[in-house]
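*Asks:* Sharing a sequence plus its predicted fold:
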Protein chains: 4
Amino acid sequence: MILSMSRKISEPAERIRSAALSLFIKNGITGTTTKEIAREAGVSEGSIYNHFESKGDLALKLFLECMAMFREVLDKKSLEADTPSGKLEAVIHAFFDFARREPEVYAYIMVGHFTELGKIPKTVKKPVDVFSAIIKSGMESGEFPGHDEKLRAAYITGMLTRAILFHKTGVLRMSYRAIVRETVKSSLKVLGSDGCVQK
Amino acid sequence: MILSMSRKISEPAERIRSAALSLFIKNGITGTTTKEIAREAGVSEGSIYNHFESKGDLALKLFLECMAMFREVLDKKSLEADTPSGKLEAVIHAFFDFARREPEVYAYIMVGHFTELGKIPKTVKKPVDVFSAIIKSGMESGEFPGHDEKLRAAYITGMLTRAILFHKTGVLRMSYRAIVRETVKSSLKVLGSDGCVQK
Amino acid sequence: MILSMSRKISEPAERIRSAALSLFIKNGITGTTTKEIAREAGVSEGSIYNHFESKGDLALKLFLECMAMFREVLDKKSLEADTPSGKLEAVIHAFFDFARREPEVYAYIMVGHFTELGKIPKTVKKPVDVFSAIIKSGMESGEFPGHDEKLRAAYITGMLTRAILFHKTGVLRMSYRAIVRETVKSSLKVLGSDGCVQK
Amino acid sequence: MILSMSRKISEPAERIRSAALSLFIKNGITGTTTKEIAREAGVSEGSIYNHFESKGDLALKLFLECMAMFREVLDKKSLEADTPSGKLEAVIHAFFDFARREPEVYAYIMVGHFTELGKIPKTVKKPVDVFSAIIKSGMESGEFPGHDEKLRAAYITGMLTRAILFHKTGVLRMSYRAIVRETVKSSLKVLGSDGCVQK
DNA sequence: AATGAATGAGAGTTCATTCAT
DNA sequence: AATGAATGAACTCTCATTCAT
């Protein structure tokens, strides 16, 4: 997985990270025991404590790494387009792609939202901030007329996460590609000018 | 809280329910001990088991009750308007109102989404189904042109939950009323006709 | 069952006795809960304590009653024959009959041997004492030449209980009647004169 | 005790085994708590679970070990004599010796008969099988005329266990040696030819 | 760094018994 | 006598963490 791309996957610390990630997603953080992590990683239980201070430390570091990885991917894609709407479209595609290609990283970000988010400083950049920035520039250029970029970024991420969630649970019958296309369109609608829709 | 409106709040079962709800929200279900629930409810630990089969049973029953309560409130509000867009507006208002007036019930629905949702039969009606129904009727009447009512209901609930979450965490500086108004408008945009936005 | 022959079986105390007996045999005394006894007896849990001081008291009283019943049956049969060997035969038949007709009473005597026997005074007459008395009179009459009537009574009861146990567990292929006949013969052999066997 | 002869008695697993054995005999299996076992063994309560899956697992493993040890001792002694009656005498002596030298192992076999015996496969060899084999060979050689070796093995084990039980409870006034001698004689009588006794 | 047995606090749950009704 | 909810002590078992090797 990407998490370990630049590191040797065979290294204990990396194997622990990978095992913990899988288990945290499947059973939750409190629902995962250090014994399970050690078994899955093929290391001894005590070995975990040579690399991480505690189970909580492991969970949090993992969360930060996942968040950073996600945000970086979105950030990079954002640079590949010029206009706010172009950037938005690119980032939404990247969002869906990431959820598909790194399902565990994505899933853990969702899982950790409740328990880990409160433990990190507010200054840490999160995926939603990428949307905020794009929308803000769109507001300034007049492309996305409106007021609060944070609220609107909240709308977009809400739409995206829910769409992905519903797709994963098998509620929707549309193809993945169609969902992405539809979501881009709907996002642009949300950010569009007020005068248009109401008639 | 509404949960106990029609029952004597002094009854042990009700006190257990109320205590568990608060604690589950604050510390999560696995993070809450039966000892804490008992202390908070003012009953003995063993007493919990005269009313619920296990801690898990308590958590699940509570989740079902919260879901049902929320859905009923939305359902009732939905009947007070005639047109799909009228219904949508009414239900969005009800959604925000509920989150504000029953913050614990609302919070527990969010918390339980990951752990409890998978344990209940798919036939149980959920808040999102209220939106689905409204959108579907709007699609049939032509008011909400488009295809998949479930995906679009996912968009709406995503927008709402994120907006409420961001408001709670203090990220947004808008007034509650302004957020609600803005969210209604944005929701209608998402469901509006395709031709309009793109230029 | 005989236990309640002279009492109204519908009376709570009797229903408790009957339910407890069944359950104690099936699951052991410590393995049986008062809740189960109450349910099986169709009374409330608290009702048990209107009739017995505790679960232990119930178990012990039941044990004493079972022992007394068994011993009385053997005693009575013993009187129906005149000679020691005649009495022995009659009592062995009665022993097997009792185990067959009152399987629960018999089973509970076996079960309670380890836990209850130590709680009752040594003066209480037990089934083995019936054998002791017969053997003693046989030793005095010269019919059962030998020394220690208690050891020999131990032999006889050991043979009987093991034979019944093995029959119940299905290890033996002989008919019940054949086992009884064989056991009578073998018992008489054990008590027979010494000079005979050794050559 | 023999159980640990070939192992270091200071090892935790062995200390747990030893402590559990003593306590199970004294208070029964359900009557013994893991806390008591841990205290008696000088280990922490949790440590029990590093060596055994559960208290029930500990009780069962202990039972199987005790049974195996007993049967092996009897088996070995059986080989030291040539004729069936010689073997029988040797094994009866070994039976009494074992009960005296390994009182805890012997006692636990008796205690476990009710609760553990049903949990082990029927193919596991038990002490009674040693008697069965001897009697069978005696029946074939004509030394022990008669039919069912299993029933007769049941007689012998019944006599032995009851004799030991009565000796332990102090009911008998004979010396241990005399009891053993008497029991050998009586056992041979039971297995002797029919014609003799009845005279 | 790596191990894994040992720890002990504490988890969820059970249950004989009590007691107000 | 009868009830059954309430009790609280005690139960078995779990688990993050430590530490001698």
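*Replies:* Thanks, I have it.
*Asks:* got the contact list for residue A:44?
*Replies:* residue A:38 (Cβ atoms under 8 Å, 6 or more residues apart in numbering or on different chains). C-betas here are computed from N, CA, C, even on glycine.
*Asks:* That one sits in which helix or strand?
*Replies:* Assigned by DSSP states H and E, residue A:44 belongs to neither a helix nor a strand.
*Asks:* And residue A:29, by the same measure?
*Replies:* Using DSSP H and E, residue A:29 sits within no helix or strand.
*Asks:* was I right about it contacting residue A:114?
*Replies:* No: judged on Cβ atoms under 8 Å, residue A:29 makes no contact with residue A:114 at a distance of 9.9 Å.
*Asks:* looking at chain A, which helix or strand does the model trust least?
*Replies:* Ranking every helix and strand in chain A by mean pLDDT, DSSP states H and E puts helix A:194-197 at the bottom, with a mean of 42.
*Asks:* which residue sits closest to residue A:30 in space, ignoring its chain neighbours?
*Replies:* residue B:30 (4.1 Å; Cβ to Cβ, 6 or more residues apart in numbering or on different chains).
*Asks:* Just give me the neighbour total for that neighbour.
*Replies:* 16 (other Cβ atoms under 10 Å in any protein chain shown).
*Asks:* can you check residue A:16 too?
*Replies:* 24.
*Asks:* which residues does it contact?
*Replies:* By Cβ under 8 Å, 6+ apart, the residues touching residue A:16 are A:37, A:38, A:41, A:43, A:47, A:48, A:51, A:52, A:58.
*Asks:* Is there contact, residue-wise, from the helix or strand hosting it to DNA strand F?
*Replies:* Taking DSSP H and E as the definition, residue A:16 sits inside helix A:12-27. No: interface with DNA strand F: helix A:12-27 contributes nothing (Cβ under 7 Å from any atom of the strand), its closest point being 9.4 Å away.
*Asks:* now the next helix or strand after that helix: mean pLDDT?
*Replies:* Proceeding N to C from helix A:12-27, the next assigned helix or strand is helix A:34-41, under DSSP H and E. Predicted confidence along helix A:34-41 averages 97 (mean pLDDT).
*Asks:* do the same with stretch A:71-80
*Replies:* 97.
*Asks:* Give me the below-cutoff pLDDT ranges for chain A.
*Replies:* For chain A, the stretches with pLDDT under 70 are A:1-10, A:193-199.
*Asks:* what's the longest helix in it?
*Replies:* helix A:55-79 (DSSP state H).
*Asks:* Count the neighbours of the closest residue to DNA strand E within chain A for me.
*Replies:* Residue nearest to DNA strand E within chain A (Cβ to the nearest atom of the strand): residue A:46, separated by 1.7 Å. Close neighbours of residue A:46, defined as other Cβ under 10 Å, add up to 9.
*Asks:* Over to the one 10 residues further on?
*Replies:* Neighbour count for residue A:56, taken as other Cβ under 10 Å: 14.
*Asks:* which residues touch stretch A:78-94?
*Replies:* A:73-74, A:77, A:130-131, A:133-135, A:137-138, A:141, A:143-144, A:156, A:160, A:180, A:183-184, A:187-188, A:191.
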